[in-house]
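What follows is a predicted structure for the sequence shown.
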Amino acid sequence: MRPQWLVWIGFTYIVGQMMCIILEGAWIGDPEQSFINAMTGFTAHQYTDSLIGNIGITIANVVTGLVGFFTYGVPRLLLWDYSFLESGGAWMKWFLLYPINLGTVFGLILTFKR
């Protein structure tokens, strides 16, 4: 697989995911939630004035961010789990988005296999 094809597939996948998040309203119009938080389901804990407390909160933020990414973010990204794609857009998931997803995952597997 040529590197240009892999980059194109990855770019198409990322742009498609950003468009889905924007159309669902989870990114634009919700000021307290950023793009990464919308993708991973991550919510940050508030920091305090204590150094030890801030270290613990930082560890908790990193752990919950990783857990949220692998339990919420990755399945949502791979299954295109967005509300507007459920009824009228279901055909688009099957005939356009899932093949893009399959090509992206297959290309990444081949790249890291080398």
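Perfect, I can see it now.

pLDDT below threshold where in this protein?
With pLDDT under 70 as the threshold, the chain has low-confidence stretches at 1, 26-45.

Helices along that one, start to end?
Ranges of helices within the chain are 3-24, 35-40, 51-68, 74-79, 90-92, 98-113, based on DSSP state H.

JSON lines for those helices, including mean neighbour count?
C-beta here means a position set from N, CA and C on the backbone, and glycine is covered the same way. Shown next, in JSON lines, are the helices of the chain (neighbours: other Cβ atoms under 10 Å):
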{"stretch": "helix 3-24", "mean neighbour count": "14"}
{"stretch": "helix 35-40", "mean neighbour count": "18"}
{"stretch": "helix 51-68", "mean neighbour count": "13"}
{"stretch": "helix 74-79", "mean neighbour count": "15"}
{"stretch": "helix 90-92", "mean neighbour count": "11"}
{"stretch": "helix 98-113", "mean neighbour count": "13"}
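
quick one, phi/psi of E86?
Dihedral pair for E86: phi -90, psi -50, per degrees, to the nearest 10.

State the distance from it to W80.
Between E86 and W80 the distance, using Cβ to Cβ, to the nearest Å, works out to 10 Å.

again with T111
22 Å.

So between E86 and W80, which is more surrounded?
Higher neighbour count among E86 and W80: W80, with 20 against 10, using other Cβ atoms under 10 Å.
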